[in-house]
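J.: Would you be able to build a 3D model of this:
(chains A, B and C)
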Amino acid sequence: MISGKRLSKEFYTRDVLDVAPELPGKYMVIRLPDGIFGRFQVIEVEAYRGAEDKACHACKGRTPRTEIMFHKGGRLYVYLVYGMYWMLNVVTGEENIPQAVLIRGVENYSGPGRITKSFGIDRSFYGEDLDISERIWFEDTGARPVFKTGPRIGIDYSGEFWKTRPWRYYI
DNA sequence: TCAGTGATTAGG
DNA sequence: CTAATCACTGAG
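T.: Model (predicted):
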């Protein structure tokens, strides 16, 4: 069994473009619906960076939904899209700098909507503190895998510049 | 390629 | 109140 050390506030309280590339290879630990804990290596993520990023929900300003992104890093931003799929995001950066990393894929599970459906992640995880949560956190095992980058998925509406930023990171 | 599905948001 | 939008998925 691979063991690791829980990532602390300091890890998340950095610019999203520093945090996101370091997440692939980390482990997501979560208490599954049956009560058993699962550990899954993070495979694919995307960075959403602040008010100027037209693909980031926070570019529309501070609303009840995006509120948590304005907090210090280390919290979860969870929202429903297309009326069916919960998206799991990790808030990063300093207070009032709205950023988040979308978890697109973990070991054996591809697709952000499939992950949350499989693991029972829903609205109740909104704002969860990764430092102290007893049902979800991330761990570092020391692995530093080689990763690739590419444009983010599903944000064609954001315009030529933002939709071509290579802010998707995957193993 | 395309419909399903409902919270969120801006606007009247 | 109305209506548009949507960081997706599975079927065909």
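J.: What's the mean pLDDT across stretch A:33-41?
T.: The average pLDDT within stretch A:33-41 is 93.
J.: what's the spacing between it and its chain's center?
T.: Its chain's C-alpha centre and that of stretch A:33-41 lie 17 Å apart, by CA atoms, centre = their mean, to the nearest Å.
J.: what comes up buried for that stretch?
T.: A:38-41 (16 or more other CB atoms under 10 Å). Where C-beta positions appear, they are placed from N, C-alpha and C, glycine not excepted.
J.: Check stretch A:135-151 too.
T.: Buried, per 16+ other CB under 10 Å, within stretch A:135-151: A:136-138, A:140, A:147.
J.: Is any residue of the strand ranked longest in chain A near DNA strand C?
T.: Determined from DSSP state E, the single longest strand within chain A is strand A:37-49. Yes. Strand A:37-49 reaches DNA strand C (CB under 7 Å from any atom of the strand) through A:46, A:48.
J.: follow-up on the earlier one: and which of the buried residues of stretch A:135-151 is nearest DNA strand B?
T.: Proximity of the buried residues of stretch A:135-151 to DNA strand B (CB to the nearest atom of the strand) peaks at A:Ile136, which lies at 19.2 Å.
J.: got the residues of chain A near DNA strand B?
T.: So chain A meets DNA strand B at A:60-61, A:63-66, A:79-84, A:123 (CB under 7 Å from any atom of the strand).
J.: one step back: report all helices and strands that the longest strand of chain A contacts.
T.: helix A:16-19, strand A:27-31, strand A:99-106, strand A:109-110, strand A:168-170 (3 or more CB pairs under 8 Å, 6 or more residues apart in numbering; DSSP states H and E).
J.: Out of these, the one nearest DNA strand C is which?
T.: strand A:99-106 (3.2 Å).
J.: tell me the mean pLDDT over the closest one?
T.: Strand A:99-106 comes out at a mean pLDDT of 98.
J.: and that strand, does that touch DNA strand C?
T.: Yes. Applying CB under 7 Å from any atom of the strand, one finds strand A:99-106 touching DNA strand C at A:100, A:102.
J.: Name the strands paired with that strand and say parallel or antiparallel.
T.: strand A:37-49 (antiparallel), strand A:85-91 (antiparallel), strand A:109-110 (antiparallel) (DSSP bridges).
J.: Other residues contacting that strand?
T.: By CB atoms under 8 Å, 6 or more residues apart in numbering, the residues outside strand A:99-106 that reach it are A:15-16, A:19-20, A:23, A:28, A:40-50, A:56, A:58, A:69, A:73, A:77, A:87-93, A:110-112, A:115, A:153, A:168, A:170.
J.: now these: which count as buried?
T.: For the contacts of strand A:99-106, a burial check counting by 16+ other CB under 10 Å picks out A:15-16, A:19-20, A:23, A:28, A:40-50, A:56, A:58, A:69, A:73, A:77, A:87-93, A:112, A:115, A:168.
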